[in-house]
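K.L.:
One predicted model, sequence on top.
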Amino acid sequence: MIFAIILIVLLCLSVFGNFAQLVSRALHFSSYNFQPANEREIGPQIEEGILKDNDSDNKIAVIPVEGIITSHQADQSGNDMVEVIKAELQAAKKDPDVKAVVLKVDSPGGEVMAADEIYREIKKFEDGPKGKPVICSMGSLAASGGYYISAPCRWIVANELTLTGSIGVIMETVNYRGLMDKIGIEPYVFKSGTYKDMLSGMRTTNEIPPGEHAMVQDLIDETYDKFKSVVSDGRNAAHEKNKDEGQPLSDDWTKYADGRVLSGDQALRLGLVDQLGDFQDAVDRARKIANIQNAKLIEYHEIYDISQFLRFFGQSESARGQVKVDLGLNVPKLEAGQFYYLYLPTAE
């Protein structure tokens, strides 16, 4: 009983502390963030924070890309990863003191569309007369979609033990008709055309049209070709700017673009990265490319106004009754019919 009382008191203190912190942040920013809906800018609201003050007016913005690349999973403010990264790049581009960006990638990849949106935003950030260089710093994992978003960067730094590459596309579906037959469930499907139920898991093998597999494979191949063109265009454009300092793509790099993962050392030999090193090496390269002696390192944080604060409680209310068990694994659920640039050993 005593232990239970102590536990309840500690829990109450924790909840009160979190509540007070959220209220404080909301009130702190509401004075300049709380605007009429038709005047407030849609999307993530961010503020600048200092990672390392090197006593310089110049800035290098550090933008992390961590975990599964997705546009379907929103944070507590209702913004997804793609929206946040776009907002951070836009803030870095508008700030004249930001001379370069270091993209910290530690990701196995993710959704094809989400990765492509980030890729396009990085390319747009670098291109044009007012473009600024983006230097990629790979962490322990920058594979598949993680490499896709790295490819347009001006310079890529990887650790020799970084897992990268995994250039390819994967899509999964499940046929559960056999299970339905065993438990006595018979589906009835009404459709307008032969392929309207393409990839449906409710069909028996003899109900699958003979041309369906080839049609799906054509879609996979088209997406895969897009991946290879992104790698080729990005690395060749970077090498043209970097000249002899960078690493050119090897003539046989496409032989290794079969879904396999590569170490940082292997990727360097193939020209998929420019340099072996760590985050500090990427920062040093950013200063060199931007032609500055020193710069403070900054990062961006989301800020929350009153409406986002209230939305947080709405999400908490909707999640009531849900139980999540952490097994120490972070394995994403692949949606049937969804294309992924994703390194997922359990799916291969």
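P.N.:
Okay, I see it. Computed from a prediction, not measured in an experiment: that's the story for all the values here. Residues are numbered from 1 along each chain as shown.
K.L.:
What are the contacting residues of stretch 194-206?
P.N.:
173-177, 180, 187, 189, 191, 209, 212, 215-216, 336-337 (Cβ atoms under 8 Å, 6 or more residues apart in numbering). Glycine gets a C-beta too; all of them are placed from N, C-alpha and C.
K.L.:
7 Å instead?
P.N.:
173-177, 180, 187, 189, 191, 209, 212, 336-337 (Cβ atoms under 7 Å, 6 or more residues apart in numbering).
K.L.:
What subset of those is buried?
P.N.:
Buried members of the contacts of stretch 194-206, scored by 16 or more other Cβ atoms under 10 Å, are residue 177.
K.L.:
Mean confidence (pLDDT) on the strand or helix carrying residue 103, please.
P.N.:
According to DSSP states H and E, residue 103 maps onto strand 98-107. Average pLDDT, strand 98-107: 96.
K.L.:
so after it, what's the next helix or strand?
P.N.:
Next along the chain after strand 98-107, taking DSSP H and E as the criterion, comes strand 109-111.
K.L.:
partner residues bridging residue 60?
P.N.:
Residue 60 forms beta bridges with residue 100, residue 297, as assigned by DSSP bridges.
K.L.:
Residue 110 now?
P.N.:
For residue 110, the beta-bridge partners under DSSP bridges are residue 69, residue 341.
K.L.:
count of neighbours near the residue nearest to residue 212 when sequence neighbours are not counted?
P.N.:
The shortest distance from residue 212 to any residue other than its chain neighbours is 5.9 Å, reached at residue 198 (Cβ to Cβ, 6 or more residues apart in numbering). The tally of other residues near residue 198 (other Cβ atoms under 10 Å) stands at 16.
K.L.:
The one 4 residues further on too?
P.N.:
By the measure other Cβ under 10 Å, the count of residues near residue 202 is 15.
K.L.:
helix, strand or coil for it?
P.N.:
Secondary structure, DSSP: H, G, I helix; E, B strand; the rest coil: residue 202 is coil.
K.L.:
likewise residue 157?
P.N.:
Assignment for residue 157 (three-state DSSP): strand.
K.L.:
show me the contacts for it.
P.N.:
Residues near residue 157 by Cβ under 7 Å, 6+ apart: 135-138, 273-275, 277, 281-282, 285.
K.L.:
Quick check: which element contains the residue nearest to it when sequence neighbours are not counted?
P.N.:
Nearest non-adjacent residue to residue 157, counting by Cβ to Cβ, 6+ apart: residue 282, 4.3 Å away. Using DSSP H and E, residue 282 sits in helix 279-290.
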